[in-house]
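K.L.:
below are the sequence and a predicted model for it; my questions follow.
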Amino acid sequence: MAEKLKGTFDVHKAASLMNELRSSFNTGRTRSYEWRVAQLQSIAKLVDEREKEILHALYTDLSKPECEAFVSEISMTKASCKLALKELKRWMKPEKAKTSMATFPSSAEIVSEPFGVVLIISTWNYPLLLSLDPVIGAIAAGNVVVLKPSEISPATSSLLAKLLEEYVDNSAIRVVEGAVAETSALLEQKWDKIFYIGSTRVGRIVMAAAAKQLTPVILELGGKCPAVVDPNVNLQVAARRIIAGKWACNNGQACIAPDYVITTKAFAQKLIDAMKNELEVFFGNDPMESKDLSRIVNSNHFARLKKMLDEEEVSSKIVHGGQWDEKRLKIAPTILLDVPEETILMKEEIFGPLLPIHTVDKLKESFDVIKSKSKPLAAYLFTNRKEVKKAFVENISAGGILINDTVLHLTVPTLPFGGVGDSGMGSYHGKFSFDAFSHKKAVLYRSFAGDATARYPPYTPKKLRLLKALINGGIFGIILALLGRTKN
């Protein structure tokens, strides 16, 4: 069942929940292939049967357009379920491992086993996908799960609590709603793994709490994701793809949205003009009235973005947009040119519809700009030059890199999705999700045959020669050692 006692869910209730779920895991039921498949099928059924309710909740929380919500939340959650169901048997199968001459005769394998009871703290910007996608991985790996949805998207949080209670095994999969107090109570417990999606600031809090219990963590954070644009690109396509990754992804409220653009001084105005044209095509003459743009999630985030925009050194740099409506929590797509580096806009992750363009004399200087900041969750490059692509991949450290597009790398299940440095640690998606929630257990099998006396005391020069030969792995050396001779 969902834990809905928001005001009274304290450390004691969290401990009681943990004990209950630990007992459930210890029955071994969640380890079976059949249980895992049944739960994954139930989640797929949930998303399919309750699509209208989900879309309504997403609109209530974010005014998320139906098409965007379907593509980025509904369809991607379904795809995650479908892949897990298709591949689960293969994922669960032990992996054969080679053995050495020192253990002959023997065989070895790597067994994927569930960690146990795991906590998933999800976020508000994609509240369905970023809640259920890690849950799918945790279930596929055979874990018992507690999901803590974000209170900042209350309609989706409430709906998830209701639907998961209805569709899945509540003795092993639970939802805890609430805010800071409830999350803090959960973090006091000893989990077998914690998965957190959100800000770097809260990520540090989660990691500190986990460290007290020596609990492993996966942190999916964010950062300032750069998009470097070479003047030799297809300008219209580049402009469209930057817009799609920025404003058509929750109006910039996405951890992998381009946070700032870098291009040359000579090319900047052409890029700005192209983006203005395409923004009008996408969102009309008055984007504040567009039905294809999400709103800012709440008044706190609106105030944060408005504060960035209101700095004198920032507002004077607006070259497009800048309109806002506090009552409707709307900010128009806004482009800024050469905002000073010491401003909040250029120091902190924007997470909204503001896009500064930073100009350089030569494109290679963009590498130094990116390296001067914390490592981002994603880095984008638009170019037709092979040598620039190669240099970018080799020299820029980021959670992921995408050439000549934005955000689409997260849709490829054979690629790991995760951060590095301040943008996070660990990764998931596809089999990487299964692996993220699995302990890789090393298993070595031996029979009672081939029991070499050389490994046992008392040790003699002959035994030492044989042990050296065994460890070095050379058949010829072993034969010589058995004959009491050496290679010399």
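P.N.:
Yep, that arrived.
K.L.:
gap between the two ends of stretch 331-338?
P.N.:
Taking C-alpha to C-alpha, to the nearest Å, the first and last residues of stretch 331-338 lie 20 Å apart.
K.L.:
what does stretch 454-466 give?
P.N.:
End-to-end distance of stretch 454-466 (C-alpha to C-alpha): 7 Å.
K.L.:
can you mark which positions in it are buried?
P.N.:
For stretch 454-466, the neighbour count (16 or more other C-beta atoms under 10 Å) marks 454, 463, 465-466 as buried. Placement of C-beta: from N, CA and C, glycine included.
K.L.:
using the three-state scheme, assign the nearest residue to L163 once chain neighbours are set aside.
P.N.:
Using C-beta to C-beta, 6 or more residues apart in numbering and skipping the chain neighbours, the partner closest in space to L163 is L46 (5.2 Å). The three-state assignment at L46 reads helix, by DSSP: H, G, I helix; E, B strand; the rest coil.
K.L.:
now L46: how far from A79?
P.N.:
Taking C-beta to C-beta, to the nearest Å as the measure, L46 falls 15 Å from A79.
K.L.:
ditto for A108
P.N.:
Going from A108 to A79 by C-beta to C-beta gives 34 Å.
K.L.:
out of the two, which sits in the more crowded spot?
P.N.:
It is A108, of A108 and A79, that has more neighbours when counted by other C-beta atoms under 10 Å, with 17 against 14.
K.L.:
averaged pLDDT, stretch 333-351. What do you get?
P.N.:
Here stretch 333-351 scores 97 as its mean pLDDT.
K.L.:
repeat for stretch 33-52
P.N.:
For stretch 33-52, the mean per-residue pLDDT is 98.
K.L.:
send me the longest helix seen in the chain as PDB with only the CA atoms.
P.N.:
The longest helix of the chain (DSSP state H) is helix 265-283. Extracted in PDB, the C-alpha atoms of helix 265-283 (Å, rounded to 0.1, in the frame of the first residue of the first chain):
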ATOM      1  CA  LYS A 265      31.700  35.600 -32.700                       C
ATOM      2  CA  ALA A 266      31.500  35.700 -36.500                       C
ATOM      3  CA  PHE A 267      28.700  33.000 -36.600                       C
ATOM      4  CA  ALA A 268      26.600  33.900 -33.500                       C
ATOM      5  CA  GLN A 269      24.200  36.300 -35.200                       C
ATOM      6  CA  LYS A 270      23.400  33.800 -38.000                       C
ATOM      7  CA  LEU A 271      22.700  31.100 -35.300                       C
ATOM      8  CA  ILE A 272      20.500  33.500 -33.400                       C
ATOM      9  CA  ASP A 273      18.500  34.500 -36.500                       C
ATOM     10  CA  ALA A 274      18.000  30.800 -37.400                       C
ATOM     11  CA  MET A 275      16.800  30.000 -33.900                       C
ATOM     12  CA  LYS A 276      14.400  33.000 -33.900                       C
ATOM     13  CA  ASN A 277      12.900  31.800 -37.200                       C
ATOM     14  CA  GLU A 278      12.500  28.200 -36.000                       C
ATOM     15  CA  LEU A 279      11.100  29.300 -32.600                       C
ATOM     16  CA  GLU A 280       8.400  31.100 -34.400                       C
ATOM     17  CA  VAL A 281       7.600  28.000 -36.600                       C
ATOM     18  CA  PHE A 282       7.500  25.800 -33.400                       C
ATOM     19  CA  PHE A 283       5.600  28.100 -31.000                       C
END
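K.L.:
for it, which helices and strands make contact with it?
P.N.:
Applying 3 or more C-beta pairs under 8 Å, 6 or more residues apart in numbering; DSSP states H and E, we find helix 265-283 packed against helix 235-246, strand 318-320, strand 334-337, strand 354-360.
K.L.:
and these as CSV, adding mean neighbour count and distance to Y196?
P.N.:
CSV is the format used below for the helices and strands packed on helix 265-283 (neighbours: other C-beta atoms under 10 Å; distance: least, C-beta to C-beta, whole Å):
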stretch, mean neighbour count, distance to Y196
helix 235-246, 21, 24
strand 318-320, 17, 35
strand 334-337, 22, 30
strand 354-360, 22, 26
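K.L.:
could I get these as TSV with distance to D192?
P.N.:
TSV is the format used below for the helices and strands packed on helix 265-283 (distance: least, C-beta to C-beta, whole Å):
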stretch	distance to D192
helix 235-246	35
strand 318-320	49
strand 334-337	44
strand 354-360	40
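K.L.:
quick check: which of the ones you listed is nearest to G430?
P.N.:
helix 235-246 (21.1 Å; C-beta to C-beta).
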